[in-house]
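Participant: Below: sequence and its predicted model.
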Amino acid sequence: MINKSTRLNRPAQQQETMKKQTSTKRPAIIRCSDKPAWPDSMARTQQGNKNPNCGDTLFSHGFPLKKNLYYILPFLLILLTSLPVQAHKVRIFAWEEGGMIKTEAKFSGGKPARNSTVTVTSQNGKVEILKGKTDEGGTFSFPVPKKARDNRLNLKITINSGDGHKNSWLLKAEDYLPGVKSTPQKTNTITEIVPEQKSARGKELPNEALLREIISSELDRQLGPIKRSLAIQQEKPTSLQDILGGIGYILGLAGIATYFQAKRKGEKKSS
Amino acid sequence: MSTETVYYLEQYSMHISEGVLSTPVLITGGAVAFAGTAVGLKKLNYDKIMSVSLLTATFFVASLIHVPLGPGSVHLIMGGLMGLLLGWSCFPAILVALFLQTVFFQFGGLTVLGVNTTVMALPALLCYYLFRSWFKTNGSKRKIAAFLCGFLSILFSSLLQAVALTITDSGFLHAAQLVIAAHIPVMFIEGIITMFTISFLAKVQPEFLQISEQEK
């Protein structure tokens, strides 16, 4: 028996105390409150000397709470060292940049989803607009489809990596059609104001349409990366709270199950 | 090795997403998971509850542990361990863990919960029945059984997943083959981890290995 426990490489001091405890005569019945110190309880369970009085606890199959903790500990350690953690799924992001709709697909963990099918449909998924494959970097871009521009469709962009992973991103019309976004009233006010400015400044201003185009293309160029990171940030990463929350639910369910089992046990006894 | 294989090696997961599988596959998977859970709950007795929930928590967290492997990383599943230690009770345990993973981490999806449960729990149960007798005695036989459990549970799981994908759409056949190829290194990793976990438990917590034996 002692040989078995020395395998666990416990400090010499503890082993000595254990020897003492095992050599002294034990009372026939040990009460539950009798210090379940680690070496002692270990010796007890290995002798098969289960305490009949401790039968009605949660851990009645022979090991006290403290030893359960020893079991959980390694897993907790693995859990803590593996943070930050990421989920295993595919994600797709889409944004508009200079008349093109750009999409980027990634697996969680940051690996690009290469050679995966991207399908662009209307929001309800009924009208398929176009289909394509992602490149080596997981990106796929296409010019804003005429159909979508004309009907001001909200686009549902779906990625399917082919191995059972699928996800989609909803690109709203106002997000990729900045010109169309503004309501008719607004465009009216703009057209009203612009001629005034023109008359005031005279010939200094170049062609209004050209100016508009230059500004919008420059803005597109500069805002592109911002739009991209905004899109990517909308995805919520897995947090420690989620993990602990999940474990909490599991313990809660265990509690409920214990309650019902205990009730059943009680009914059996009374009947 | 083709680039496609490398790509699948990089991203390996047992969770099938929402909207991939056809309705008959979803219903079949759901029915199997339901039956398994019912039996598992019936066999669950008072003494086993805490152990089952401990392993549920382990399974829930294991998929977040990424093992770096070649160009990418894989996550642990622990199906073999669940099967060996829990027997039929691995069904409710895996169902609960997968449900929580869906809710908290958006792994898989609610409609595919049944299929995903079946894909992971059925092989675990099979391993339990295959190796139960090897498992009773301490020694190298138990270690081999533990390794094979980890190894085979992943093999059977990937086969089941491939079958589910192929039945839905025969175009998936090639993808399904790649899914299995991608799992090969994972089988070894799971096998080794299961073996070490079991021998650790045999030293520290021998009673734990007998949980599945307490079944009526």
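Facilitator: Structure received.
Participant: From now on I want contacts and neighbour counts done on CA atoms only, so please keep to that.
Facilitator: Noted.
Participant: what's the pLDDT at B:L55?
Facilitator: Here the pLDDT value assigned to B:L55 is 88.
Participant: Now name the helix or strand holding the residue lying closest to it once chain neighbours are set aside.
Facilitator: Leaving aside its sequence neighbours, B:L55 sits nearest to B:M82 (Cα to Cα, 6 or more residues apart in numbering or on different chains; 6.8 Å). Per DSSP states H and E: B:M82 is located in helix B:79-86.
Participant: which residues touch that helix?
Facilitator: Helix B:79-86 is contacted from outside by B:52, B:55, B:59, B:90, B:120-121, B:123-128, B:131-132, B:146, B:149-154, B:190, B:194, B:198, B:208-212, using Cα atoms under 8 Å, 6 or more residues apart in numbering or on different chains.
Participant: buried sites along the very next helix or strand once past it?
Facilitator: Counting by DSSP H and E, the next helix or strand C-terminal to helix B:79-86 is helix B:90-105. Neighbour-count burial for helix B:90-105 flags B:90-102, B:104-105 (criterion: 16 or more other Cα atoms under 10 Å in any protein chain shown).
Participant: remind me which residues of the stretch 1-150 of chain A are low pLDDT?
Facilitator: For the stretch 1-150 of chain A, applying pLDDT under 70 flags the ranges A:1-88, A:108-110.
Participant: now with 50?
Facilitator: A:1-8, A:10, A:14-15, A:18-28, A:30-63, A:80-87 (pLDDT under 50).
Participant: separation between the one residue sitting closest to the centre of chain B and chain A?
Facilitator: For chain B, B:G79 is the residue whose C-alpha lies nearest the centre (Cα atoms, centre = their mean; 2.8 Å). For B:G79, the distance to chain A (Cα to the nearest Cα, to the nearest Å) stands at 16 Å.
Participant: got it, and B:A176?
Facilitator: Using Cα to the nearest Cα, which is the criterion applied here, B:A176 is 7 Å from chain A.
Participant: try B:I27
Facilitator: 17 Å.
Participant: tally of neighbours for that residue?
Facilitator: 15 (other Cα atoms under 10 Å in any protein chain shown).
Participant: Now do the contacts for it.
Facilitator: Counted by Cα under 8 Å, 6+ apart, B:I27 has contacts B:G114.
Participant: Before we go further, it is sitting in a helix, right?
Facilitator: Yes - the assignment for B:I27 by DSSP: H, G, I helix; E, B strand; the rest coil puts it in a helix.
Participant: before we move on, what SS does B:D47 have?
Facilitator: helix.
Participant: can you tell me how far it sits from B:T37?
Facilitator: Per Cα to Cα, to the nearest Å, B:D47 is found 18 Å from B:T37.
Participant: Helices along the chain, start to end?
Facilitator: As the question left the chain open, I've gone with chain A. A:2-6, A:12-23, A:38-46, A:65-81, A:146-151, A:173-176, A:178-181, A:184-201, A:208-233, A:240-270 (DSSP state H).
Participant: not quite, I wanted chain B
Facilitator: Using DSSP H, helices in chain B cover B:3-10, B:23-43, B:49-62, B:79-86, B:90-105, B:113-131, B:140-168, B:173-204.
Participant: on contacts alone, who are the packing partners of the last one?
Facilitator: This points to helix B:173-204. Here helix B:173-204 touches helix B:3-10, helix B:79-86, helix B:140-168, going by 3 or more Cα pairs under 8 Å, 6 or more residues apart in numbering or on different chains; DSSP states H and E.
Participant: Let me see the mean pLDDT of that helix.
Facilitator: Here the average pLDDT along helix B:173-204 is 81.
Participant: Give me the distance from it to the chain's centre.
Facilitator: 10 Å (Cα atoms, centre = their mean, to the nearest Å).
Participant: buried ones in it?
Facilitator: Buried, per 16+ other Cα under 10 Å, within helix B:173-204: B:173, B:175-183, B:186-195, B:198-199, B:202, B:204.
Participant: and B:A121, what is it in contact with?
Facilitator: Contacts of B:A121 (Cα under 8 Å, 6+ apart): B:G79, B:G83, B:C90, B:F91, B:I94.
Participant: could you redo those as JSON lines and give each row distance to A:K268?
Facilitator: Below are the contacts of B:A121 laid out as JSON lines (distance: Cα to Cα, whole Å):
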{"residue": "B:G79", "distance to A:K268": "34"}
{"residue": "B:G83", "distance to A:K268": "30"}
{"residue": "B:C90", "distance to A:K268": "26"}
{"residue": "B:F91", "distance to A:K268": "26"}
{"residue": "B:I94", "distance to A:K268": "29"}
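Participant: of the residues you listed, closest to A:P145?
Facilitator: Each of the contacts of B:A121 was scored against A:P145 by Cα to Cα, and B:I94 proved nearest at 44.6 Å.
Participant: Quick check, the closest one in contact with B:V115.
Facilitator: No - using Cα atoms under 8 Å, B:I94 is not in contact with B:V115, being 11.6 Å away.
Participant: Quick check: which of the helices and strands packed on helix B:173-204 is nearest to A:Q123?
Facilitator: Evaluated over these, closeness to A:Q123 peaks at helix B:140-168, with 24.1 Å, by Cα to Cα.
Participant: State the mean pLDDT of that closest one.
Facilitator: pLDDT averaged over helix B:140-168 gives 87.
Participant: on contacts alone, who are the packing partners of it?
Facilitator: If you count contacts as 3+ Cα pairs under 8 Å, 6+ apart, helix B:140-168 packs onto helix B:23-43, helix B:79-86, helix B:113-131, helix B:173-204.
Participant: JSON lines for those, including distance to B:I16?
Facilitator: Formatted as JSON lines, the helices and strands packed on helix B:140-168 follow (distance: least, Cα to Cα, whole Å):
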{"stretch": "helix B:23-43", "distance to B:I16": "11"}
{"stretch": "helix B:79-86", "distance to B:I16": "16"}
{"stretch": "helix B:113-131", "distance to B:I16": "7"}
{"stretch": "helix B:173-204", "distance to B:I16": "12"}
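Participant: Just tell me which of those ends up closest to B:K141.
Facilitator: helix B:113-131 (9.8 Å).
Participant: So what's the gap between that closest one and the chain middle?
Facilitator: Counting by Cα atoms, centre = their mean, helix B:113-131 comes out at 6 Å from the chain centroid.
Participant: Which of the buried residues of helix B:90-105 scores worst on pLDDT?
Facilitator: B:F105 (78).
Participant: how far away is that residue from chain A?
Facilitator: In this structure, B:F105 and chain A are 6 Å apart, going by Cα to the nearest Cα.
Participant: And for B:E190?
Facilitator: In terms of Cα to the nearest Cα, B:E190 sits 15 Å off from chain A.
Participant: now swap in B:S22 and tell me
Facilitator: 12 Å.
Participant: What count of nearby residues applies to the residue nearest to that residue when sequence neighbours are not counted?
Facilitator: Spatial nearest neighbour of B:S22, excluding adjacent residues (Cα to Cα, 6+ apart): B:T168 at 5.2 Å. B:T168 has 18 neighbours, counted by other Cα under 10 Å.
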